[in-house]
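> Here is a sequence together with a model predicted from it:
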Amino acid sequence: MTLSDQIDRLMMKVKKPVHYVGGEFGSVMKDPAAVDVRYAFLFPDTYDVGMSHLGMKILYHTINKRDDAWCERVFSPWVDMEQQMRENGIPLFSLESRTPVREFDILGITLQYEMSYSNILSALDLSGMPLRASDRKEGPFVVCGGPCAYNPEPLAPFVDFFVLGDGEVSTHEYIDVYKEWKASGRPREDYLKMISGIQGVYVPSFYDVTYNDDHTIRDVAPKPGTNAPSLVMKALVNDLTAADYPEQLIVPYGEIVHNRIMLEIFRGCTRGCRFCQAGMIYRPVRERSMDKLLELAQRLVDATGYDEISLMSLSSGDYSCLPDLAKEMVRRFYEKRVSISLPSQRIDTFLTETLKETQKVKKTGLTLAPEAGTQRLRDVINKGVTESDLLRSVRDAFEQGWSAVKLYFMLGLPTETDEDALGIVDLAAKVRDVYFSIPKSQRAPGFRITVSASVFVPKPFTPFQWCGQCSHEVIERRQQMIKREISRLKGVDFKYHAMDLSYLEACFALGDRRMADVLERAFRLGCRFDGWNDQFNYNAWMQAFADTGVDPDFYATRNKRRDERLPWDHLDAGVSKDFLLREWDKAQRAELTHDCRKGCVGCGLKRYEGACR
Amino acid sequence: MRAIFEFSKSGRLRFISHLDLQRFMMRAVRRTDLPVSYSQGFNPHPHMSFASALAMGWSSDVELMDIRLTEDVVPEHALQQMQSALPAEMPVHRCRIVSDRFPALMASLVMADYRVELSGTYISKVIDFIPSYLSLDTVMAVRKTKSGEKDVNIRPLTIALSAVDQRQLYMRLMLTPDETLKPDLLMDTIIRQCDAMETEYSIFRTALLGRDAEGNIVPLMELSDE
């Protein structure tokens, strides 16, 4: 029986066969004999989550544009499927050709969030590959990229190399070298030497890590003879308009999280919110031209049949000609009943015009992220938004027919007090008042505010990388405090994240190579899909820490000295350490830093050629 | 005007649920330039329907999809458009353009033909049991419906049943809202009655049939349009 037949036999035994079927419209099939490089792209989560991810679509497209390479998709099988696969001896396979992952040349894994790390080990194991790179004598090279690659250390022993920064060009560079290496017949390690000079490539096995007596890092230095750089600079695509972007998308059979066209209008953000890793690591801002976006939109609508386009970016309201773009899109696609949506809408941009345009076709939900409840704390995090900005935005929205608003906050931000936490309730109450101040005849029924508070996780390459995470006790007390107070506001719901998960996330975000043992132990103890509430097993994780003798508080809650060598200091995300320290100091004084479009703030990006105009 | 397409759902795509297929086809017709008629309202969707849902795991080369159009098109063009809007693994075989008076596919459906492939140690028991099955007047089986379980006599719903060879059966079964026999229920009943327990089977739908003006059973695709 072929592997494909064996897979088919499992389909009626699992809850969501559509996640493993493949063969979707827009998926790329090639003759395996006609390509030099077979690339498996693993999104270490379920199909419906991974298929909603823009980065995967971009890399899938750009690799498959090559005649000499074939990129196929791999997702983490859900626990029922994994069990079936293990019981029946079926290895992890690609969706397109149903080829075992271990037969590929390169296994690319995207690191979107720390809580998918256990799925990565699970995937390697299910592929029949040794977990540790040093134990792998054959099979695909494992490369990881994505935002979490900026602190790759907890994954270092399992991964052959990481790529920091934009993938559109660097991916081709290491594929080209792979062909060269394969043709040369040189030993496996030589491939890593050959790519270690590519901008953005980090080969962890080429570095020695030494520690101080207090367990902090003394040094991370390239091993002699490897030629690895002592500071790895990220890969950067300066011209997004010229960069590859999909003109065809895979259209899944089942529903996925974001089942629509995603159009990345720009990359990067100039705002400088101090908690936001994306706002730091994706610098500088690079816009796609309006002409290019309209052309892509037209092609994608024709090619996919989707009836919704989502304009993606970290802060879509900042796109320099957003009103023109939105107006033109609505005009062009009205006939085809395609709606335009703007996620991650910031509250300080002038919404009205754009909102009017987008709701002409279909009304989308309004989500605002004040992040903190008081002005003092919003200044600490450099969220340059005032209460009056927020209230003006919601008034505009309510007057134009919105009645449901989601407000996003974080708990446990640096310098936060109980008063700041209660400020969240005050703000929700004021938003509520705005709605009821509008005459009944002029507002839409169905009033609802959802207040959502996540737990702040300090991230590398942000000004808060020196800050320890708030303790369980403090966070949980503030959560209960808010819950109690908000229950008095009719029509306002409060949702909050479990502290345990955020704590573990902090351990990995801020961890070093010693976290790898914890990860492997947790995987052996059965941890999988940690980002899924029904699967997350906090006790098993605590067991893993105990078994390996690693103290989670050392990583998560400890405040770091300004001169401490951080686990990712040998990597460069674009922003300089000087800048981050300056911002950390200003945060303590609740001092704002202006948007860099109003003048250079000296973040360090100018060290990259052509990065800033 | 309506366009009726005959397409396959087989291979790995047989594990796509009917609901997922419906949504997928809605997007597929948007990839064509066909003048599709849309519903009014907040979430407009194309006017389309299927002759019969194919259960997950069954294969078919004769599935029918009916799409209402706002103006006339030639079938060759409609066929080419639909073919290019679907993945290679879901081929479209034919297209027929019919008038609005053409009966609704679902309402015209009377019965369907199936081929069933058997595997397992005791499949000869199944083959040997067929004459006994056909000689009976009453064979009771439990039909699971949305409202619960129901005892039905499946024998009269079995229009034809025969062995094609030593591992394949042919069957023609009723398929109307009131009288339906699904091939898996028939197979499970036979397997239990002849005690061939570990027999496995794969189901292929080979025809969707209606009744013409003279009362003859003909494929739905060939009903007259007048």
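That came through, no problem. Numbers count the residues shown, from 1 in each chain, chains lettered A, B, ... in the order given.
> B:Arg68 sits in which helix or strand?
B:Arg68 is part of strand B:59-68, with elements assigned from DSSP states H and E.
> Run the contact check for that strand versus chain A.
No: using Cβ under 8 Å from any Cβ of the partner chain as the criterion, no contacts between strand B:59-68 and chain A are found, and the smallest distance is 10.7 Å. Heads up, the C-betas are built off the backbone N, CA and C, glycines and all.
> neighbouring strands for that strand, and are they parallel or not?
Under the criterion DSSP bridges, strand B:59-68 sits next to strand B:2-9 (antiparallel), strand B:48-50 (antiparallel), strand B:200-211 (parallel) in its sheet.
> Show me what counts as buried in the next helix or strand after it.
Moving toward the C-terminus from strand B:59-68, the first helix or strand encountered (DSSP H and E) is helix B:75-85. Taking 16 or more other Cβ atoms under 10 Å in any protein chain shown as the basis for neighbour counts, the residues of helix B:75-85 that come out buried are B:78-79, B:81-83, B:85.
> So for A:Val601, which of the strands paired with strand B:59-68 sits nearest?
The stretch from the strands paired with strand B:59-68 with the least distance to A:Val601 (Cβ to Cβ) is strand B:48-50; that distance is 55.2 Å.
> and the residue in chain B that chain A sits nearest to, what is it in contact with?
Across chain B, no residue is closer to chain A than B:Arg30, which sits at 3.4 Å (Cβ to the nearest Cβ). Counting by Cβ atoms under 8 Å, 6 or more residues apart in numbering or on different chains, B:Arg30 makes contact with A:305-307, A:336, B:36, B:46.
> ok, 7 Å please
By Cβ atoms under 7 Å, 6 or more residues apart in numbering or on different chains, the residues touching B:Arg30 are A:305, A:307.
> for A:Ile90, same thing?
Contacts were defined as Cβ under 7 Å, 6+ apart; by that measure A:Ile90 touches A:3, A:6-7.
> just A:Asp426 next, same as before
In this structure, A:Asp426 makes contact with A:Gly373, judged by Cβ under 7 Å, 6+ apart.
> which outside residues touch the strand holding B:Arg68?
By Cβ under 7 Å, 6+ apart, the list of residues contacting strand B:59-68 from outside reads B:2-10, B:14, B:25, B:29, B:36-37, B:46-51, B:54, B:93, B:105, B:204-208, B:220-221.
> which non-adjacent residue is nearest the residue in the stretch 51-200 of chain A that chain B sits nearest to?
As assessed by Cβ to the nearest Cβ, chain B sits closest to A:Arg98 within the stretch 51-200 of chain A, at 8.2 Å. Once its chain neighbours are removed from consideration, A:Arg98 has its nearest residue in A:Ser4; the separation is 4.7 Å (Cβ to Cβ, 6 or more residues apart in numbering or on different chains).
> Now do the domain split for the chain, please.
Since you didn't name a chain, this refers to chain A. Domain assignment for chain A, taken from automatic domain parsing, gives A:3-233, A:261-497+A:575-598.
> oops, I was thinking of chain B
Using automatic domain parsing, the domains assigned to chain B come out as B:2-106, B:109-220.
> A:Tyr119: neighbouring residues, count only.
Careful, residue A:119 is Asn; it's not Tyr. Neighbour count for A:Asn119, taken as other Cβ atoms under 10 Å in any protein chain shown: 28.
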